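S.K.: give me the fold of what follows.
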Amino acid sequence: MLKITEHQCDKDKKLLVEGRLAGESVPELTRSWQALAGRGGDGPLAVDLSGVTFIDAAGRELLAAMHAQGVLFIASGCATRRLLSEITGAAPPAS
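M.R.: Residues are numbered from 1 along each chain as shown. Sure, this is the predicted structure:
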């Protein structure tokens with residue numbers, strides 16, 4: 001199960017994602033991302049993955065596509081931070 005909460009304030013747009021990013025929840029996040037990104041605003045879109053407990057291969061592909069479109073990620077937890085570092089090519093933050 002996945003819970004997605006949208007926050008938009010002036011230039012800032014953020015999706016708070018909680019639960020499992022897997023299977024049928026991946027298209028749900030895709031729709032939310034595209035809808036919020038399409039609402040305009042000058043600031044970058046951020047996706048907070050701090051509440052994500054699992055990411056499957058389809059979820060990983062989606063995150064890579066989001067990164068390619070300029071989405072910024074917020075994460076906690078070693079596994080999620082490491083996955084994002086692989087996707088973004090950045091070194092994982094120190095624990």
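S.K.: next secondary structure after the helix or strand harbouring Leu62?
M.R.: Per DSSP states H and E: Leu62 is located in helix 57-68. Going down the chain from helix 57-68, the next helix or strand is strand 72-74, by DSSP H and E.
S.K.: which helices and strands sit right next to that following strand?
M.R.: On a contact count with 3 or more C-beta pairs under 8 Å, 6 or more residues apart in numbering; DSSP states H and E, strand 72-74 meets strand 45-55, helix 57-68. Quick note: C-beta positions are derived from backbone N, CA and C, even for glycine.
S.K.: most packed of those?
M.R.: Ranked by mean neighbour count, the helices and strands packed on strand 72-74 are led by strand 45-55 with a mean of 18 (mean count of other C-beta atoms under 10 Å).
S.K.: count of residues packed around the spatially closest residue to Ala64 that is not a sequence neighbour?
M.R.: The shortest distance from Ala64 to any non-neighbouring residue, by C-beta to C-beta, 6 or more residues apart in numbering, is to Ile87 (5.0 Å). Neighbour count of Ile87, defined by other C-beta atoms under 10 Å: 17.
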